[in-house]
Every structure is written in structure tokens, then in C-alpha cells.
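# task: produce atomic coordinates for the following.
(chains A and B)
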Protein chains: 2
Amino acid sequence: MNAMTKGAWKPTTPREVRQGCRTGYTGYTAGLAPGYVQANICILPKAWADDFLLFCQRNPKPCPLLDQSDVGNPRLPSLGDDLDIRTDVPRYHIFRDGVFVEEVTDISSYWQDDLVTFALGCSFSFEETLQDAGIPLPFLDKGSVAGVYVSDLPTQPAGRYSAPLVVTMRAFKPADAIRAIQITSRFPNVHGAPVHIGSPEQIGVDLSKRYQNVGDGTVREGELPVFWACGLTPQFAVMNAKPPLCITHAPSSMLVTDLRNASLAML
Amino acid sequence: MNAMTKGAWKPTTPREVRQGCRTGYTGYTAGLAPGYVQANICILPKAWADDFLLFCQRNPKPCPLLDQSDVGNPRLPSLGDDLDIRTDVPRYHIFRDGVFVEEVTDISSYWQDDLVTFALGCSFSFEETLQDAGIPLPFLDKGSVAGVYVSDLPTQPAGRYSAPLVVTMRAFKPADAIRAIQITSRFPNVHGAPVHIGSPEQIGVDLSKRYQNVGDGTVREGELPVFWACGLTPQFAVMNAKPPLCITHAPSSMLVTDLRNASLAML
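Numbering: from 1, shown residues only, chains lettered A, B, ... in the order given. Sure thing, here's the model as predicted:
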């Protein structure tokens, strides 16, 4: 277990990762079980779930839904036949009435018969494909993530859910930007094509002002900033809606699924 | 025939256009037989054709080869079963040793048993698809074409053929630029995806200096210039190589083929 917490743990299968989470792994999931889809998690009471599903349906770029559980059922068999959402994520964040209350490593004590789990695609999948194509993502070499910004682009509200579009920024040389647009267009289930390229101010973004200082906002000479819809958008919508209970994964500690990244390619 | 030369002629089939060229039409081909592929033409002696084919093979973005005729045969049955390249283009340009000598409307008197015809895809096809997708191309409304520039991007030489990459520029709002990259990526036989987006100076282009003042170089506030490889590139290569005889279509007076634009989509 020490090996798991010290970063020396290198499980190659999603099942090993989930087993590790059940038995004490509480770290980040980047680099674990390479090639497999990692998912953003949002768990809500049924009374708050239907509008959230509609919000996802109306905003597929920030909220690409991989699967939704049955009500009260902690299993998501399409993502792993052993999967139990109460134990299989390294760390969870608990929100009450839209306010963060604590971080836990197991949500069995929070489980209710009316909870519904949403698993959403995340950009880790397309970043792996970009790297496979030889497109540099220098922030990964620094152990960072893409810069996160709150844009002034709208989303389509649904019931009590509304949010500005949160975006991630990655900077590329122009030819790589064109290739990145082509590649990510093939992956609509993990945010798909960019929403903007070029001038940040056109979408209300100041590159020096990252959301909670998350990620890397560097744009080198000759590079173009390219912006993708971000999975923090639905978290903003949940914070705005203030449901009595919401449980999410802790940032960068995702649910690791049995889906292969390559299986998400539309073409 | 007057109707044909005065622009009121609106043939809907490629066969009508070719028949018109045989009987006196000498105008532009934009807007004739909508939906069908129009081709750049380059006719060379066999001794100069093999290296030209290699140049096309090495540089598919500027030189997307639709078909090559048999030696001495003026027919291109894959592009139209009635097609005769000696008569079916409105106007031709004759080059001797790389120098323009005259414009003619029929090349029967120039025909030789060793001539080979190359038909290359052109951006008219993808422009139609962009318009169908609702992406504005304001230069078309002005009766103009995309701005043409000589870049400092290299091409791969082949034998006696070498040239800088000639490019066309179209300006878009960022979201339309992303969509234009997606759409043109589906059409590698008509130049395919852009070669550059953003700063013109990175590819040695000054937007105010169009090649021979051709086309529209306007970039409006908030727009990004996007650059595609241009079919003038092989004409540059031919001018550099100086073959004893080369026959091309006159600018904007293309060969209209039986291929449908939509049939060129790879996906």
C-alpha cells in the first residue's frame, strides 16, 4: 500500500486501479492504466438528476455523458462489471447545498437509495491521442494540466442548472493546432472539437487569470491558444443549483473505467 | 451562343458545359453545373510527365491528382465519357520553355502523340461544401476568389520540378475556422485541411501582397486568416522546370467533370 501512495504504483488495468482505490489508494489517476477512459463523476439525488441529465443533453461539449446509473444502484456495469462507485474513486468531494463540506475516500456512509451517478468523459482521453500523434503538450511534462478559465460563452440552462462555459486552454504551433482540431473532432464523448481558437478576449478570457490558478496558461511565441469545453462546467452548474447533496470525484482523482480511449473514436 | 458568353448561360450538367466549350463558350466556370468537381489542368510531354507525377505524389496538398491520361490520349473517361481535353476547357494557356506564349480556346492544333494530361482537384469543391454548411465566404459575394500568396513553406522537389508552396487565404470567425478545418479535412482530393492558421508572417506571407493581385485578402476584426495549399503551386513548378511545351487551363476557366463534389468526401 505504501507503494500505491508514493507514486511508484503503476497498475496497467482499470480493475487493478479500482481494486487499489478500495484498499487504500488516494492519489491522482493520471498515468494509471494507460489507454483507458477516466471519467468525471457527479452523484445527485433523483429529484435533482433529471434536470442534470437534460443539462448534459443540451451541452454535450462540456458534459459528454458516458453513462448514468440506475437510481440507487452504485454499479455502472457498462464501465466495469466489478465497479462500485462508493469505493472505486481515490477521493471524493462532498457538497451540501452547493457548498463543499469535506473530502473522503469512501462514500458508503453517504449512500442513499435515491442517488444517481453520472460519469462524464474527460480530456485525458484526447490528450493521450494527441501525444500518440506526436503533438507536444508541454504542461504534462511539468506535471501540470491544461489551463482552466471561466469564459463568457453561454451554456443552455436546464431547470435549476445554469453555468458559464468553463474552458481549458492548450497552446500549439499552427500546424499542430489544425491537427489537434482534426483529432479531437473524432472524440465527441470526451469534449470533442475545440470551442475557440485565437484571441482569448473574444470569449471573455484573460490568459493570466486561471480559475483557482489551475493548470498552465503558457502560450509561447508563435503558438495559438486553443480552447476546449471543460468538465468543470457541470460542477459550476451544480454549485449554482445548490442541491442538498452532491458528490464528485476530487480534482485529478478520477474513476478509471474499462472503456478504451481508442474505442471512443467516432471515425 | 450569345447567352453563353454573356453570363446568362446556366448549364446544370457537366456534359452541357463541355458541349458549350466545344461550341464557343470561353468564360469562367464558377457557378456552372453546381455540385460537380472542376479541375485544374496541366498537359505535358511524356518526357516531362513522370517527374510531374512524382511531384504530385510528394505534394498531395497543393497537387491533389484526380486522374492522369494515357500518353497521347485526349480522353479522361473517369472524369466524363465524352470528355476531350483538346476542346472541353473554355480557354487554355500555352507555355513554351516555361514562358506564357498565348491563350487559345482549342488545343487541337497543339496536340502531340506524347502529351499527358493531369487533372487536379481545386478548392471550388470545398468552398461549395463550406457554403452548404452556412460558413460565410464573403469574397464569393463580391465575385472574387480567395486571396493568393506565395509562402515560404517548402514543397518536396521531384526531378526538375520544385516550387514554393502557393497558398490561398480565407478569413473566418474562430468557431467557423474550426468548422472549416473539420470540413476540408474530409476532402483531401481538393487540397484537404489547411496548412496554416493565424499569423501570416510565420509562413512568409504579407497579406497586403497578393500574388499578381489575385483574390481577396480581407481579414475583418475578430477573424483568423486560414491558409490552404493552392493549385498554382504545380504551375510554379512547371514554370521553374521550363518544359518545351505545357498547356494549362486559363485561370478560373476550369475543366468541369462528371464527379460530384460530395463523392470526394473521405468520411
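# which residues touch A:Gly121?
A:Val37, A:Ala39, A:Asn40, A:Pro64, A:Leu65, A:Leu66, A:Phe187, A:Asn189, A:Val190, A:His191, A:Gly231, A:Leu264 (C-beta atoms under 8 Å, 6 or more residues apart in numbering or on different chains). For every residue, glycine as well, the C-beta is placed using N, CA and C.
# need these in JSON lines (columns: secondary structure, distance to B:Ala30 and pLDDT).
Shown next, in JSON lines, are those (DSSP: H, G, I helix; E, B strand; the rest coil; distance: C-beta to C-beta, whole Å; pLDDT from 0 to 100):
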{"residue": "A:Val37", "secondary structure": "strand", "distance to B:Ala30": "47", "pLDDT": "97"}
{"residue": "A:Ala39", "secondary structure": "strand", "distance to B:Ala30": "50", "pLDDT": "98"}
{"residue": "A:Asn40", "secondary structure": "strand", "distance to B:Ala30": "49", "pLDDT": "97"}
{"residue": "A:Pro64", "secondary structure": "coil", "distance to B:Ala30": "41", "pLDDT": "97"}
{"residue": "A:Leu65", "secondary structure": "strand", "distance to B:Ala30": "45", "pLDDT": "97"}
{"residue": "A:Leu66", "secondary structure": "strand", "distance to B:Ala30": "46", "pLDDT": "97"}
{"residue": "A:Phe187", "secondary structure": "coil", "distance to B:Ala30": "37", "pLDDT": "96"}
{"residue": "A:Asn189", "secondary structure": "helix", "distance to B:Ala30": "40", "pLDDT": "94"}
{"residue": "A:Val190", "secondary structure": "helix", "distance to B:Ala30": "41", "pLDDT": "96"}
{"residue": "A:His191", "secondary structure": "coil", "distance to B:Ala30": "38", "pLDDT": "97"}
{"residue": "A:Gly231", "secondary structure": "coil", "distance to B:Ala30": "45", "pLDDT": "95"}
{"residue": "A:Leu264", "secondary structure": "helix", "distance to B:Ala30": "41", "pLDDT": "94"}
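# so which helix or strand takes in A:Phe236?
If you go by DSSP states H and E, A:Phe236 is part of helix A:232-241.
# just give me the neighbour total for the residue of the stretch 1-150 of chain A found nearest chain B.
Proximity of the stretch 1-150 of chain A to chain B (C-beta to the nearest C-beta) peaks at A:Lys61, 11.5 Å away. Residues lying near A:Lys61 (other C-beta atoms under 10 Å in any protein chain shown) number 19.
# where's it relative to A:Ala177, distance?
From A:Lys61 across to A:Ala177, the span is 18 Å (C-beta to C-beta, to the nearest Å).
# repeat that for A:Val101.
For A:Val101, the distance to A:Ala177 (C-beta to C-beta) stands at 41 Å.
# compare the two (neighbour count), which wins?
The neighbour count for A:Val101 versus A:Ala177, taken as other C-beta under 10 Å, is higher for A:Ala177 (27 against 11).
# is it fair to say that one lies in a helix?
Yes - the assignment for A:Ala177, made by DSSP: H, G, I helix; E, B strand; the rest coil, places it in a helix.
# residue contacts, it?
Contacts of A:Ala177 by C-beta under 8 Å, 6+ apart are A:Ile197, A:Leu224, A:Val226, B:Ile197, B:Gly198.
# out of the residues you listed, who's nearest A:Ile135?
Nearest to A:Ile135 among the contacts of A:Ala177 is A:Val226, at 10.8 Å by C-beta to C-beta.
# who in chain A is up against chain B?
A:174-175, A:177-178, A:181-182, A:185, A:193-199, A:202, A:222, A:224, A:267 (C-beta under 8 Å from any C-beta of the partner chain).
# in helices, which of these fall?
Per DSSP state H, helices hold the following members of these: A:Pro174, A:Ala175, A:Ala177, A:Ile178, A:Ile181, A:Gln182, A:Ser185.
# for the third one, give me the pLDDT.
Which is A:Ala177. Looking at A:Ala177, its pLDDT stands at 98.
# which residues of chain A fall in helices?
Going by DSSP H, chain A shows helices at A:2-5, A:14-22, A:46-58, A:124-132, A:138-141, A:174-185, A:232-241.
# between those helices, which one is closest to B:Arg75.
helix A:174-185 (36.9 Å).
# off-centre distance for the closest one?
21 Å (C-alpha atoms, centre = their mean, to the nearest Å).
# what do you get for stretch A:195-203?
That offset, for stretch A:195-203, works out to 21 Å (C-alpha atoms, centre = their mean).
# buried stuff in it?
Using 16 or more other C-beta atoms under 10 Å in any protein chain shown as the test for burial, stretch A:195-203 gives A:Val195, A:His196, A:Ile197, A:Gly198, A:Pro200, A:Gln202, A:Ile203.
# same question for stretch A:111-131.
A:115-130.
# for A:Asn189, give me its contacts.
Taking C-beta under 8 Å, 6+ apart, we find A:Asn189 in contact with A:Pro64, A:Leu66, A:Gly121, A:Leu264.
# mind checking how far the closest residue to the second one other than its chain neighbours is from B:Ala250?
Right, the one you point to is A:Leu66. Ranked by C-beta to C-beta, 6 or more residues apart in numbering or on different chains and with sequence neighbours excluded, the top spatial neighbour of A:Leu66 is A:Ala119, at 4.6 Å. Plainly put, A:Ala119 is 59 Å away from B:Ala250 if you go by C-beta to C-beta.
# count of neighbours near the residue lying closest to A:Leu120 once chain neighbours are set aside?
Nearest residue to A:Leu120 in three dimensions, chain neighbours excluded: A:Asn40, at 4.2 Å (C-beta to C-beta, 6+ apart). The tally of other residues near A:Asn40 (other C-beta under 10 Å) stands at 24.
# kindly report the same for A:Ile85.
A:Ile85 is flanked by 24 other residues according to other C-beta under 10 Å.
# which pLDDT value goes with it?
98.
# ok, it touching A:Pro74?
Yes - if you go by C-beta atoms under 8 Å, A:Ile85 and A:Pro74 touch, sitting 4.8 Å apart.
# common neighbours of these two, please.
Common contacts of A:Ile85 and A:Pro74 (C-beta under 8 Å, 6+ apart): A:Thr117.
# rank the helices of chain A by mean pLDDT and give me the bottom one.
helix A:2-5 (a mean of 58).
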